[in-house]
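Undergrad: Sequence and computational prediction follow.
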Amino acid sequence: MTLTEQELGEVVDDLRTDFPGMDREALDKSVHKAASRAPHDTANQIEQAVRMRLHLRHQGDH
């Protein structure tokens, strides 16, 4: 099952709540990349994967 653009957009919106300083376009790219790597994942699984990647990247900045 491949997620629709609307579902991916909802994931981006959810992530923007937790990462308000991030550019929407950058989040959109991250979400689409994660979805293309795991086409059978649910929206929740995609969100968790991107969230984990962003947290790890943020920790590396400090």
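TA: Yep, it's here.
Undergrad: which one is Ala49 nearest to, not counting chain neighbours?
TA: Excluding the flanking residues, the one nearest Ala49 by C-beta to C-beta, 6 or more residues apart in numbering is Ala34, at 4.9 Å. In this view, the C-beta of every residue, glycine as well, is placed from N, C-alpha and C.
Undergrad: Where do the helices of this protein begin and end?
TA: Here the chain has its helices, by DSSP state H, at 5-18, 24-37, 43-60.
Undergrad: List the contacts of His58.
TA: For His58, no contacting residues are found, by C-beta atoms under 8 Å, 6 or more residues apart in numbering.
Undergrad: Kindly report the same for Val31.
TA: Contact analysis of Val31 by C-beta under 8 Å, 6+ apart lists Leu8, Val11, Val12, Leu15, Ile46, Glu47, Val50.
Undergrad: how much space between it and Thr17?
TA: In this view, Val31 and Thr17 are 14 Å apart by C-beta to C-beta, to the nearest Å.
Undergrad: How about Glu7?
TA: Distance from Glu7 to Thr17, counting by C-beta to C-beta: 16 Å.
Undergrad: same question, Arg24
TA: For Arg24 relative to Thr17 (C-beta to C-beta), the value is 12 Å.
Undergrad: ok, now Arg37?
TA: Plainly put, Arg37 is 23 Å away from Thr17 if you go by C-beta to C-beta.
Undergrad: got it, and Val50?
TA: From Val50 across to Thr17, the span is 13 Å (C-beta to C-beta).
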